[in-house]
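Trainee: Please work out how this folds:
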Amino acid sequence: MTGRSPINGAAITAARRASMLKTAFGPVISAALDDTSVIEIMVNPDGALWIERHETGRVREDKTLNRQDIERIIRLVASHVGFDCNKENPVVSAELPGTGERFEGVLPPVALSPAFAIRKPAGRVISLDDYIEAGIITGAQALLLKSAVKTRDNILIAGGTSSGKTTLANALLAEVAKAEERVVILEDTRELRCEAPDLVALRTSPGVRLEQLVKSTMRLRPDRIIVGEVRGSEALDLLKAWNTGHPGGIATVHANSAATALSRIEQLIGERTTRIPYQLIADAIDLIVFISKTNDGRRVEEILRVTGLDAHDCYQLEPASAGELSLVTEGANL
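Mentor: Residues are numbered from 1 along each chain as shown. Next up, the predicted model:
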């Protein structure tokens with residue numbers, strides 16, 4: 001008696017789903033997924049298709065999608081991850097089969113009509129030197145960040161949506177990879193890239209939250225703990241880890257300025273406890289890098305150093321001073 005093995009059968013089913021999804025996307029979205037200049041693909045409830053590229057920003061395409069096609073795409077992605085998408089479960093967060101792009105889809109009643117967005121991971125790692133050439137960061141700032149990685153400062157990258165936090169984190173990870181250290185990366189979807197030879201990359205699953213991964217990481221003997229985005233009470237576990245023998249970490253957080261990044265961390269910790277550990281936050285975070293997206297492109301607006309707390313439990317923050325930057329520059333020229 002012959003037949004397919006369960007493993008081969010699953011592989012064929014996954015390939016079939018991927019093929020069906022590519023057909024459902026159509027030629028315009030499929031081409032955008034293959035285009036390395038594309039950052040994000042968005043389809044709104046009115047069927048409008050918007051594509052954001054590195055060079056041109058976000059542009060509305062001539063192509064529009066009807067409600068049925070949008071819903072079919074969302075349901076195909078949900079099927080791929082074994083999610084039952086319906087009125088009771090109208091939000092789909094997943095990765096596209098085979099390629100791993102981050103997909104977020106919504107159905108009524110949370111939206112008037114189906115809509116989705118696809119966030120593409122970086123096609124290549126943009127180095128800090130590339131940032132200097134593009135005018136996103138100054139030479140002195142780049143040297144400061146390189147020095148901070150070498151001296152194992154804990155770095156929190158703050159910014160708004162699509163400000164370039166993950167891309168900047170990848171640039172810093174390129175510096176981390178130069179050290180002979182064991183790196184553990186935690187994230188919800190695979191967006192961070194690191195070429196460190198001793199690397200463990202973990203991600204959440206429907207049954208495993210980021211908070212659990214942070215706790216588990218402590219048993220994996222990391223030298224550095226990297227978190228793609230801090231968005232929940234795992235902030236408390238991460239800061240404890242950074243502050244107890246695991247310096248040199250990097251994480252990103254949504255915030256509107258470098259200073260408010262610490263308020264955001266407080267809010268996230270507040271999901272677990274009403275007693276905010278101000279001293280722990282001040283001790284664990286060394287640098288805050290704020291990157292923003294402007295009409296002229298992305299730019300690192302400021303780098304603040306956390307120096308401690310004052311008598312009223314207010315954070316003492318100092319800009320990366322001209323003196324500090326000049327010392328870093330002089331050290332690089334020695």
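
Trainee: Could you look up the SS state of the closest residue in space to E61 that isn't next to it in sequence?
Mentor: What sits nearest to E61 in space, not counting adjacent residues and going by Cβ to Cβ, 6 or more residues apart in numbering, is L49, at 4.5 Å. C-beta here means a position set from N, CA and C on the backbone, and glycine is covered the same way. Three-state call for L49 (DSSP: H, G, I helix; E, B strand; the rest coil): strand.

Trainee: what pairs with L49 across the strands?
Mentor: V43 (DSSP bridges).

Trainee: Could you pull up the residues touching it?
Mentor: L49 sits next to 28-29, 41-43, 60-61, 63-65 when contact means Cβ atoms under 8 Å, 6 or more residues apart in numbering.

Trainee: Could you do I41 as well?
Mentor: Applying Cβ under 8 Å, 6+ apart, we find I41 in contact with 29, 32-33, 49-52, 117-118, 120.

Trainee: Which helix or strand contains it?
Mentor: Taking DSSP states H and E as the definition, I41 sits inside strand 38-43.

Trainee: Report the backbone C-alpha coordinates of that strand in CSV.
Mentor: C-alpha atoms of strand 38-43 as CSV (Å, rounded to 0.1, in the frame of the first residue of the first chain):
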residue,chain,number,x,y,z
VAL,A,38,9.1,48.2,-0.9
ILE,A,39,8.7,48.6,2.8
GLU,A,40,4.9,48.2,3.3
ILE,A,41,1.8,47.2,1.4
MET,A,42,-1.6,48.5,2.6
VAL,A,43,-5.1,47.8,1.4
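
Trainee: distance of the closest residue to D283 other than its chain neighbours from R275?
Mentor: Spatial nearest neighbour of D283, chain neighbours left out: N243 (5.4 Å); criterion: Cβ to Cβ, 6+ apart. Distance, N243 to R275, by Cβ to Cβ, to the nearest Å: 16 Å.

Trainee: who's more crowded, those two?
Mentor: Set N243 next to R275 and count neighbours by other Cβ atoms under 10 Å: N243 wins out with 19 against 8.

Trainee: my guess is that one contacts L280, does it?
Mentor: Yes: here N243 reaches L280: they are 6.1 Å apart, a contact under Cβ atoms under 8 Å.

Trainee: quick check: mean pLDDT across the longest strand seen in the chain?
Mentor: Longest strand in the chain, counting residues (DSSP state E): strand 297-309. With pLDDT averaged residue by residue, strand 297-309 scores 93.

Trainee: And for stretch 171-180?
Mentor: The pLDDT scores in stretch 171-180 average 93.

Trainee: now stretch 40-51
Mentor: The average pLDDT for stretch 40-51 rounds to 96.

Trainee: quick one: terminal-to-terminal distance for it?
Mentor: Length of stretch 40-51, first residue to last, Cα to Cα, to the nearest Å: 6 Å.

Trainee: returning to that earlier point: pull up the gap between the residue nearest to D283 and V125, please.
Mentor: Applying Cβ to Cβ to N243 and V125 gives a distance of 28 Å.

Trainee: Skip the chain neighbours and tell me the closest residue to G228.
Mentor: In this structure, G228 finds its nearest non-sequential neighbour in E187, 3.0 Å apart by Cβ to Cβ, 6+ apart.

Trainee: what comes into contact with the longest strand of the chain?
Mentor: 131, 134-138, 141, 144-145, 163-164, 168, 257-259, 262, 278-279, 282-283, 285-292, 315-320, 324.

Trainee: That strand pairs with which strands?
Mentor: Paired strands of strand 297-309, with direction, are strand 287-294 (antiparallel), strand 315-319 (antiparallel) (DSSP bridges).

Trainee: Alpha carbons of it, in PDB - could you do that?
Mentor: Listed next in PDB are the C-alpha coordinates belonging to strand 297-309 (Å, rounded to 0.1, in the frame of the first residue of the first chain):
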ATOM      1  CA  GLY A 297      13.000  61.300   5.500                       C
ATOM      2  CA  ARG A 298      14.100  59.500   8.600                       C
ATOM      3  CA  ARG A 299      16.400  61.100  11.100                       C
ATOM      4  CA  VAL A 300      17.900  60.300  14.500                       C
ATOM      5  CA  GLU A 301      16.700  63.400  16.400                       C
ATOM      6  CA  GLU A 302      18.400  62.900  19.700                       C
ATOM      7  CA  ILE A 303      20.400  60.500  21.900                       C
ATOM      8  CA  LEU A 304      19.900  60.800  25.600                       C
ATOM      9  CA  ARG A 305      21.900  59.200  28.400                       C
ATOM     10  CA  VAL A 306      20.100  58.100  31.500                       C
ATOM     11  CA  THR A 307      22.300  59.100  34.500                       C
ATOM     12  CA  GLY A 308      20.000  58.200  37.400                       C
ATOM     13  CA  LEU A 309      17.100  59.600  39.500                       C
END
